[in-house]
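> structure for this input, please:
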Amino acid sequence: MEVNIRNAEKKDMPQVLQLIKELAVFEKEPNAVEVTVTDLEVEGFKKNLFTCFVAEFEAEIVGMALVYFRFSTWKGRTVHLEDLIVKKEYRSKGIGTLLYNKVITFAKQQGVKRVEWVVLDWNQNAIDFYEKSGATFLKNWYLVQLGEEEIKINDN
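Numbers count the residues shown, from 1 in each chain. Take a look at the predicted model:
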């Protein structure tokens, strides 16, 4: 199986969105995706807010990894891996490893001192994979978010 890992292009965004939706189903949040193809095109290719890598097999995009830069007050510029997804029928074929390695290579090329991401506590396959790669799990930290309704000035 010859898989090509490459930088995504604007024309790939419809297939990337399908992968994002597949990931949402896998993560038991099938109705959570609000982003559109236009959002991906504008934010990724006009504003350059993220970099996306795709795995292509026989002219079909079968996986993707989306990353962006963050800034750590301790480390400086870091890379955040937002999502890495491989289509269900193509999993366990090494495609996820190829995408992960592309992210790590990108991070090294960018000279960052840290790559970070989150993983669901029930996704044991991903946890095992990341542990084997040498990743450190920070179990005493909480992921904190504000949703659209909660994004407001707190004037207590």
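
> list the buried residues of the top strand by length along the chain.
With residue count as the measure and DSSP state E as the assignment, the chain has strand 60-72 as its longest strand. Neighbour-count burial for strand 60-72, counted by 16 or more other C-beta atoms under 10 Å, picks out 61, 62, 63, 64, 65, 66, 67, 68. All C-beta atoms are positioned from the backbone trio N, CA, C, and that covers glycine.

> excluding its backbone neighbours, what's nearest residue 44?
Nearest non-adjacent residue to residue 44, counting by C-beta to C-beta, 6 or more residues apart in numbering: residue 50, 5.1 Å away.

> so for the residue positioned nearest the centre of the chain, what's the pLDDT?
Nearest to the mean C-alpha position of the chain, counting by C-alpha atoms, centre = their mean, stands residue 83 at 1.9 Å. Residue 83 carries a pLDDT value of 97.

> contact partners for it?
20, 23, 64, 65, 66 (C-beta atoms under 8 Å, 6 or more residues apart in numbering).

> need the helices for the chain, in chain order.
Listed in chain order, the helices of the chain (DSSP state H) span 13-26, 37-41, 95-110, 124-132.

> which strands and helices sit next to the helix-or-strand element of the chain with minimal mean pLDDT?
Using mean pLDDT, DSSP states H and E, helix 124-132 stands out as the lowest-scoring helix or strand of the chain, at a mean of 95. Packed against helix 124-132 by the contact rule (3 or more C-beta pairs under 8 Å, 6 or more residues apart in numbering; DSSP states H and E) you find helix 95-110.

> can you tell me what sits against the helix it packs on?
3, 5, 51, 53, 55, 57, 62-65, 67, 69, 77, 79, 81, 84, 86, 115, 129, 133.

> could you list the buried residues of that helix?
So, applying 16+ other C-beta under 10 Å, buried residues of helix 95-110: 95, 96, 98, 99, 100, 102, 103, 106, 107.

> returning to that earlier point: please name whichever of the helices of the chain is nearest to residue 138.
helix 124-132 (12.0 Å; C-beta to C-beta).

> now stretch 24-31: how far from the chain's centre is it?
The chain centre lies 15 Å from the centre of stretch 24-31; the measure is C-alpha atoms, centre = their mean, to the nearest Å.
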